[in-house]
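Trainee: Sharing a sequence plus its predicted fold:
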Amino acid sequence: MARISNYISDTSVDKSDKFLGSNSSGQTKNFVVSDINHFLKNTSSSKLVYAFEDTPSNKVSGSFLGTFSTAAKNFSALTSIKVSKFPNGSLNAVVEYLQSLVNNDIVLSDVENINNFGVYTINSVTQDSNATDYYDIALTAKTSNGTIVDGQFYSIILYAGLSGDKAFTHTQSASSASWTINHGLGKKPSVTITTLATGAQVIGEVTYTNNNTLVVSFAVAVSGIAHLN
């Protein structure tokens, strides 16, 4: 066999081109560029990737199941997903990251065809009490195209949208001297409080727990609306 340095360099890479290498068992194999590309898409470290499992009883690490409002598995009919805390191809749990997505918008899209997608607001992330490696994510659909297919891989990424700075509104119906607000904005926002009764502005002491949660404390119990931006 000739030395690798003696082979002509090919600067035009095609999806059907092949690499020579060893698999995990040490066997020498040909690896096709399109297969390598497919593997990298399905195991991306920069986004969450899961395989859709159409059978509710099958909970497999790296997969997600869905609840649909209609028989057709359209992105627009998806109301919740149950995801493994381990994305496909990863041994690292992403529980804290999933929880940080509450009240944020995400894009769920086909890794092979980004035009098959859904944009959703995440309403809640709750651990499955029976299968604790899984988390139930409640969704509100905003815009979408296409259908979700069994066995296909899908990515979950934070959706920035086309608007500028993000804002959040919290309504405190029951009067309380302490409001805990889980806003999910990923920053320490400014806070303005107005009363429910008259809309008058009131002052409270704001304590930032982290970039997604804060507490507003008042001298007396107050009901109203917190405007965060």
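Mentor: Perfect, I can see it now. Numbers count the residues shown, from 1 in each chain.

Trainee: going forward, measure contacts between C-alpha atoms and count neighbours the same way
Mentor: OK.

Trainee: Show the subsequent helix or strand relative to the lowest-mean-pLDDT helix or strand in the chain.
Mentor: In the chain, the helix or strand scored least confidently by mean pLDDT, DSSP states H and E is helix 33-42, which has a mean of 48. Taking DSSP states H and E as the definition, the helix or strand that follows helix 33-42 towards the C-terminus is strand 48-52.

Trainee: Is Ser155 in contact with Ile114, as I believe?
Mentor: No. With contact defined as Cα atoms under 8 Å, Ser155 and Ile114 do not form a contacting pair (9.4 Å).

Trainee: the helices in the protein, which residues?
Mentor: 33-42, 95-100 (DSSP state H).

Trainee: So which bits of the shortest one are buried?
Mentor: What that stands for is helix 95-100. Taking 16 or more other Cα atoms under 10 Å as the basis for neighbour counts, the residues of helix 95-100 that come out buried are Val95, Leu98, Gln99, Ser100.

Trainee: residues in contact with it?
Mentor: The set of residues external to helix 95-100 that reach it, using Cα atoms under 8 Å, 6 or more residues apart in numbering, is Lys85, Ser124, Val125, Gly184, Gly186, Asn212.

Trainee: residue contacts, the residue nearest to the third one when sequence neighbours are not counted?
Mentor: On the basis of Cα to Cα, 6 or more residues apart in numbering, the spatially nearest residue to Val125 that is not a chain neighbour turns out to be Ile137, at 4.6 Å. Under the criterion of Cα under 8 Å, 6+ apart, the neighbours of Ile137 are Ser80, Ile81, Lys82, Val83, Ile122, Asn123, Ser124, Val125, Thr126.

Trainee: For stretch 212-220, buried residues please.
Mentor: Within stretch 212-220, the residues that count as buried by 16+ other Cα under 10 Å are Asn212, Thr213, Leu214, Val216, Ser217.

Trainee: ok, and the closest non-adjacent residue to the third one?
Mentor: The one in question is Leu214. In space, and not counting its chain neighbours, Leu214 is closest to Tyr208: 4.3 Å by Cα to Cα, 6+ apart.
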